Each structure stands twice: as C-alpha cells, then as structure tokens.
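> Would you be able to build a 3D model of this:
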Amino acid sequence: MYLDCENDKYNKGILSRKNFRLIYDWIYDVMSAIKKDRQIEYKNIMNTQIFNIICTYIHYNNIIRSEYQKLACVAMYLVYDKKVELEFFEYISNDTYNVKELQEFSDKVEGIL
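Next up is the predicted model:
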C-alpha cells in the first residue's frame, strides 16, 4: 500500500507517514479479527477500498487526529457492506465511539462518496 503523505492534493498534509502506518496496522488487525470471529472473507483489495474511503474523506474534509480511528471504523463498515454491525466497531474501538456516533459519521462519509 502506498500513500504519498506529503501530497497536498490528496492528503492536505493531514495524515503523516507515522499515523498512516498506525492506521494501516490497526485496520489489518481489525480485519483479521473480523475474519476469525465472524467468518467473513477478508480480501487484500479491501485494504485499498478502505484507504480510498479514508483518503477521499480527508480530501474533502478537515479531520483531527482523534477521529482517525472513527474514520477507519466507518470505512471498514462500508467496505463490508454493513455486514459487520456497528456494535462490533464500538467494541473494537474500546468504546471510544458509540453506535449513534458511528452511524452519524457513516452517513456523513457516505454522503461524500
């Protein structure tokens, strides 16, 4: 996976290489947990789809670092065509976001895509 973190056209300087790597690793761990716990197929193309959603959102909106995880949760939720419940992402984010927050943010992200 490649992302030019210094490219202002796509990233606006918001997502550093370090934070990109942290998000990437966390997404991999979550996707592996979904595959194991939910018996739902995990294809490598999903990583690209997730980061397309993340980068598209960042391109059109300002986002603060504390919202990266919420955006990653919503991106995974959308890539799985909502087959994984938002309650799972509430749990996997250590209750940082509740279902209502995730649903509202999901609606916002979908409106941009």
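
> From now on I want contacts and neighbour counts done on CA atoms only, so please keep to that.
Will do.

> May I have the residues that are in contact with the residue nearest the centre of the chain?
With distances taken as CA atoms, centre = their mean, Ala72 lies nearest the centre of the chain, 1.6 Å away. Neighbouring residues of Ala72 by CA atoms under 8 Å, 6 or more residues apart in numbering: 23, 27, 50, 54.

> Any stretches of this protein with poor pLDDT?
The model of the chain has pLDDT under 70 over residues 1-14.

> could you redo the last one with a cut-off of 90?
Low-confidence segments of the chain, defined by pLDDT under 90, are located at 1-22, 37-45, 47-48, 51-52, 55-56, 58-66, 112-113.

> what about Glu67, how many neighbours?
When neighbours are counted by other CA atoms under 10 Å, Glu67 registers 11.

> Kindly report the same for Asp25.
Residues lying near Asp25 (other CA under 10 Å) number 12.
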